[in-house]
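Chemist: need a structure here:
(one chain, ligands or ions: 1)
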Amino acid sequence: MSKIIIIGAGIGGLSAGARLAKSGHEVEIFESAPRTGGKCQTEWIGDYGFDTGPSLFTLPAVYKDLFLKTGKRIENVLTLAPTNPSFRYNFPDGKSVDFVNLDLPKTCAAIDQALGKQAGDAWHRIMQRAEIMWDISRNTFVQSELPSIRSLIKEKNFIRNLRFMAPWSSLRRIAQGYSQDPHILAIVDRYATYTGSDPRRAPAALLTIPFIETSFGAWHIQGGVGQLSRALTERCESLGVKIHLNSPVAKILIENEIAVGIQAVDGAIHKADKVIANADPSLVYEEMIDHKVKSSKKERAKLRASEKSLAGFVLLLGLDNSKISTPAPDMAHHNIYFTSNYDAEFDQIFKQQIPVGDPTIYICKPDDVTMTKRANTESWFVLINAPRHDPKRGWDWSQGAEKYAQHIISKLDSLGLQVSERLDLMEIRTPLDLANSTGAPGGSIYGSASHGARSVFARAANKSPITNLYFVGGGAHPGGGLPLVGISAELVVDAINGTKPGESFH
Ligand SMILES: Cc1cc2nc3c(=O)[nH]c(=O)nc-3n(C[C@H](O)[C@H](O)[C@H](O)COP(=O)(O)OP(=O)(O)OC[C@H]3O[C@@H](n4cnc5c(N)ncnc54)[C@H](O)[C@@H]3O)c2cc1C
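Modeler: As a prediction, the model looks like this:
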């Protein structure tokens, strides 16, 4: 058994830590922040509780497996609840549709009714195609370390699989093959943003994301999705993992191309048999690994060449309904208000690198009484896609946030949501804030964007080319978002323990 050091107590670091400790390793986590969980937090401001990172929990099987295999089942430590509807989509022409959680036929019927039968049929056919894509890609691209392109070509059914996966096509284009309805296209386009990408350049394979959401459900964790961080931290501690908070790591110590430990920012040296980086891989390759280490050069160059994912501009709003005389507008748990011009939104984020003038707005209004302390109040997490903080070549988020927040509030009012009248509390979180609190470069939410068929190969490998150095988390394979981050932890643990990829997955 080995002594293992993990840099970062995000969901990836904690998930790997718990699994490794359970399999007998001695694990220490060094975390620069005063808290665990990284981007996954439930925060309280006054009477209002907010999920300031993930507010949607999908593919719970990943964490069910983790909790089961490391001790008590997830049901003993967290209360999961499906949200219904899974999403309420509102369109600029005034139409809206509720997707029924875990029920594709009912969702198609709801689409029929709101947008017409052709749209409902198209969604059904899109989900059928997505299911085939998921079956083809889950073992090769998600639940195992990435294969080489050469080995892919040798696979049985390669030509058939290629036809279904359509790597030459974008997410936008594959959806256009099934429907020209602008509402359906907008719904599909939005799934590109789950990996921080532009649907016109994201690979068709991202169609698997709505399939996963439809088939395995959209879930909430009572008390906030950030409770996952608390439960994982407790699981790690109960298994003997030592977590050092306020302990930033400065360097990974490498001797003869082998990782042998870390040096903390306070200068202390900690030796280890293996090191796992949960901090963003670009940050690690640029700042923590000596550029003279030969085996690091190719990965560093690869990460430099990859385009970074989009960031988010966040408003945390505490609303007091006693301030209005009419009933508060009816909201679902997850609400989307689409822009009238999605192309302009993605152009502004990725090409012009400016805040979006007329953005698509996501509002999470938790259907969870435990997330406010006063009756007749609501805590809203409002997320707007935004360019990353890049003062040299793009947008500088150190200024203008107040003005942009007012612009968004006006838009919410114009949608009839009566925000100004009810506003009791507002806190703004810019991409710069996320960069400062979690080390995400420029506040990119998902590491590298998924632009182009080869983007799947652009993320950091879980087993790095430097012996005994591994990468876990959203910047590493297979990507960002809680389910993939949990899978990346399994892949790293499999690589360290010599177990087979996917062996422990249900
Ligand atoms: C606004 C927002 C909304 C999101 N919505 C969703 C959603 O609805 N559903 C979903 O599934 N996902 C969502 N995500 C994505 C999800 O939160 C992330 O993919 C996931 O939490 C990333 O976990 P991680 O372990 O990769 O890294 P992180 O959470 O980034 O953790 C990395 C950790 O490393 C630490 N660290 C960095 N540098 C050092 C250093 N030098 N020394 C020591 N420690 C260091 C950081 O402090 C941090 O704690 C969202 C994210 C954001 C920001």
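
Chemist: Surely Ser306 and Val456 touch.
Modeler: No. Here Ser306 lies out of contact with Val456, judged by C-beta atoms under 8 Å, at a distance of 11.1 Å. Every C-beta, even on glycine, is put in place using the N, C-alpha and C of the backbone.

Chemist: What residues does Ile209 make contact with?
Modeler: Tyr191, Tyr194, Thr195 (C-beta atoms under 8 Å, 6 or more residues apart in numbering).

Chemist: Quick check on it: phi, psi?
Modeler: The phi/psi pair for Ile209 (degrees, to the nearest 10) reads phi -70, psi -50.

Chemist: Just the pLDDT for it.
Modeler: We note a pLDDT of 94 for Ile209 in this prediction.

Chemist: For the ligand, what is the nearest residue in the stretch 351-500 of the chain?
Modeler: In the stretch 351-500 of the chain, the residue that lies nearest the ligand is Gly473 (2.6 Å; C-beta to the nearest ligand atom).

Chemist: How about the contacts made by that residue?
Modeler: Gly8, Gly10, Ile11, Gly12, Gly13, Gly38, Asn278, Ala279, Asp280, Val485, Ser488.

Chemist: now swap in Ser55 and tell me
Modeler: Contacts of Ser55 (C-beta under 8 Å, 6+ apart): His220, Val225, His334, Cys364, Pro366, Phe381, Leu383.

Chemist: Not counting sequence-adjacent ones, nearest residue to the residue of the stretch 351-500 of the chain closest to the ligand?
Modeler: Gly12 (3.2 Å; C-beta to C-beta, 6 or more residues apart in numbering).

Chemist: The one you found: which element?
Modeler: Here Gly12 sits within helix 11-22, counting by DSSP states H and E.

Chemist: Residues of the stretch 401-506 of the chain that sit close to the ligand?
Modeler: Leu434, Thr438, Gly439, Ala440, Ile445, Gly473, Gly474, Gly480, Gly481, Leu482, Val485 (C-beta under 6 Å from any ligand atom).

Chemist: which SSE is the residue lying farthest from the centre of the chain in?
Modeler: The outermost residue of the chain, judged against the average C-alpha position, is Ser325 (38.3 Å), by C-alpha atoms, centre = their mean. Using DSSP H and E, Ser325 maps to neither a helix nor a strand.

Chemist: What are the phi and psi values at it?
Modeler: phi -90, psi -20.

Chemist: ok, now how distant is it from Ser420?
Modeler: Between Ser325 and Ser420 the distance is 15 Å, computed by C-beta to C-beta, to the nearest Å.

Chemist: Could you show which parts of this structure are in contact with the ligand?
Modeler: So far as C-beta under 6 Å from any ligand atom goes, the chain lies against the ligand at 7-13, 30-33, 38-40, 53-56, 248-249, 278-279, 312, 314, 383, 434, 438-440, 445, 473-474, 480-482, 485.

Chemist: at 5 Å instead, please
Modeler: 7-8, 10-12, 31-33, 38-40, 53-56, 248-249, 278-279, 312, 438-439, 445, 473-474, 480-482, 485 (C-beta under 5 Å from any ligand atom).

Chemist: Map the structural domains onto the sequence of this structure.
Modeler: 3-40+59-72+226-306+459-497, 104-216, 307-441 (automatic domain parsing).
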